[in-house]
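K.L.:
Have a look; sequence and predicted model below, questions after that.
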Amino acid sequence: MATKDAVKERTDSRIKEPKQYNVIMLNDDFTSMEFVVNVLIDIFHKDQVTAQALMLNVHKKGQAVVGKYPYDIAVTKVGTALARAKEQGFPFRMTVEEA
């Protein structure tokens, strides 16, 4: 039986979206264009056309944002790409910056 003095509790739960971070690919004169395209397809899940366009953008402008992710995902993707580059002897570079 409800009483007149019953208190209604209001719960206001809001889910806060995590901060997003840009993954920035930097140009160099030694890493092959084919390697860059493969990284964009395999690690960043870009299609062939988008990967080619991003690679050319990096080549012409010196750098480009290739994805925006929560921090942990951004750092993991960059680490995976850099490890693959090191394995193949490329001086490939990427950075992570807050979006």
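P.N.:
Received, thanks. Numbers count the residues shown, from 1 in each chain.
K.L.:
Off-centre distance for stretch 35-50?
P.N.:
Offset of stretch 35-50 from its chain centre (Cα atoms, centre = their mean, to the nearest Å): 12 Å.
K.L.:
Start and end of it, how far apart?
P.N.:
Stretch 35-50 stretches 15 Å from its first residue to its last (Cα to Cα, to the nearest Å).
K.L.:
I'd like the average pLDDT over that stretch.
P.N.:
Per-region confidence: stretch 35-50 scores 98 on mean pLDDT.
K.L.:
Same question for stretch 83-99.
P.N.:
Stretch 83-99 comes out at a mean pLDDT of 97.
K.L.:
Go through it and flag the buried ones.
P.N.:
Going by neighbour count (16 or more other Cβ atoms under 10 Å), the buried part of stretch 83-99 is Arg84, Ala85, Phe90, Phe92, Arg93, Met94, Val96. In this view, the C-beta of every residue, glycine as well, is placed from N, C-alpha and C.
K.L.:
Quick check: the farthest pair among those residues?
P.N.:
With Cβ to Cβ as the measure, no two of those lie farther apart than Phe90 and Val96, at 18.8 Å.
K.L.:
Could you tell me which of the buried residues of stretch 83-99 belong to strands?
P.N.:
With strands defined by DSSP state E, the entries of these inside them are Arg93, Met94, Val96.
K.L.:
looking at it, the last one is touching Ala81, isn't it?
P.N.:
If I follow you right, that is Val96. No. Using Cβ atoms under 8 Å, Val96 is not in contact with Ala81, being 11.2 Å away.
K.L.:
Mutual contacts of the two, please.
P.N.:
The contact sets of Val96 and Ala81 do not overlap (Cβ atoms under 8 Å, 6 or more residues apart in numbering).
K.L.:
that older thread, return the member of the ones in strands among the buried residues of stretch 83-99 nearest to Val66.
P.N.:
Met94 (7.9 Å).
K.L.:
Surely that closest one touches Asn22?
P.N.:
No. Using Cβ under 8 Å, Met94 is not in contact with Asn22; the gap is 10.4 Å.
K.L.:
residue boundaries of the strands in the chain?
P.N.:
20-26, 63-70, 93-98.
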